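1. pasting the sequence and the predicted coordinates here, then a few questions.
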Amino acid sequence: MSSGTASNTGASSADKRKKESILELARYLEKDIRVKFIGGRECSGTLKGYDPLLNLVLDNVTEYLRDPDDPYKLTEDTRPLGLVVCRGTGIVLICPQEGMESISNPFIAQE
């Protein structure tokens, strides 16, 4: 009976490759970004840090409040939040604040 017959059921942790993120968030560190969340919330702030799971740390955050009658419509009202940790699983969109422009929804029938 040989003691060196261990089965190789999976790669060891040293053999596993670290997955690269498709997002290059490092280029947005210390820059203003806008974040949209599941459920319709939106906020903007300065990106201070992130991790591989896309958890974000934002500073000087401003939340854009929604219309109580239509939760998908933003109003002009805002509220300051300060320092915020955004959970990566709840983030739908991350974009730079600079150059962002809101457009009308092309899928809604115009009257």
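-> Thanks, I have it.
2. let me know the average pLDDT across stretch 67-86.
-> When pLDDT is averaged over stretch 67-86, the result is 87.
3. same check on stretch 90-100?
-> Mean pLDDT, computed over stretch 90-100, is 89.
4. in this protein, which residue is closest to the centre?
-> Nearest residue to the geometric centre of the chain (C-alpha atoms, centre = their mean): Ile91, 4.1 Å.
5. Thr46: what secondary structure?
-> When the structure is split into helix, strand and coil by DSSP: H, G, I helix; E, B strand; the rest coil, Thr46 lands in strand.
6. with Leu83 instead?
-> strand.
7. again with Arg27
-> Assigned by three-state DSSP, the conformation of Arg27 is helix.
8. what about it, how many residues nearby?
-> Applying other C-beta atoms under 10 Å, we find 9 other residues in the vicinity of Arg27. C-betas here are computed from N, CA, C, even on glycine.
9. contacts only, for it.
-> Arg27 makes no contacts at all, as judged by C-beta atoms under 8 Å, 6 or more residues apart in numbering.
10. from here on, call the first residue 632.
-> Sure, I'll start numbering at 632, so the last one becomes Arg658.
11. if I look at it, how far off is Leu714?
-> Arg658 is 22 Å from Leu714, where distance means C-beta to C-beta, to the nearest Å.
12. could you do Ala740 as well?
-> Using C-beta to C-beta, Ala740 is found at 42 Å from Leu714.
13. looking at these two, which is more packed in?
-> Neighbours were counted for Ala740 and for Leu714 using other C-beta under 10 Å; Leu714 has more, 12 against 4.
14. quick check, that one in contact with Leu678.
-> No: contact criterion C-beta atoms under 8 Å: Leu714 and Leu678 do not qualify, at 12.0 Å.
15. would you map the strands across the protein?
-> Using DSSP state E, the strands of the chain run over 663-668, 673-681, 687-697, 705-717, 722-727.
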